[in-house]
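Chemist: missing the sequence, but the structure's below:
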């Protein structure tokens, strides 16, 4: 059941042989494209240093529609 849910969500099993752009998920590819377009690092903007801090900050903030 978990495997089916993960597959439906687009999750892939990590493989050591996969590197470069083909190894990226769709979300990772979008993040890379935004960084390449010059969008600044959200960690710096929010004054956080770790992913866990950013996750806590996001959880505490009300949801805002994307621009």
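Modeler: Perfect, thanks for sending it. Computed from a predicted structure; not experimentally measured.
Chemist: what about stretch 40-55, start to end distance?
Modeler: Using CA to CA, to the nearest Å, the span of stretch 40-55 from its first residue to its last is 18 Å.
Chemist: Would you mark the buried spots in it?
Modeler: Neighbour-count burial for stretch 40-55, with 16 or more other CB atoms under 10 Å as criterion, is recorded at residue 48. Where C-beta positions appear, they are placed from N, C-alpha and C, glycine not excepted.
Chemist: residues making contact with it?
Modeler: 35, 57 (CB atoms under 8 Å, 6 or more residues apart in numbering).
Chemist: Give me the mean pLDDT for that stretch.
Modeler: In this model, stretch 40-55 has an average pLDDT of 80.
Chemist: same deal with stretch 25-33?
Modeler: Stretch 25-33 shows a mean pLDDT of 88 in the predicted model.
Chemist: again with stretch 6-14
Modeler: Throughout stretch 6-14, pLDDT has a mean value of 75.
Chemist: Could you number the chain from 13 rather than 1 from now on?
Modeler: Fine by me, first position is 13 from now on; the one you just mentioned is stretch 18-26.
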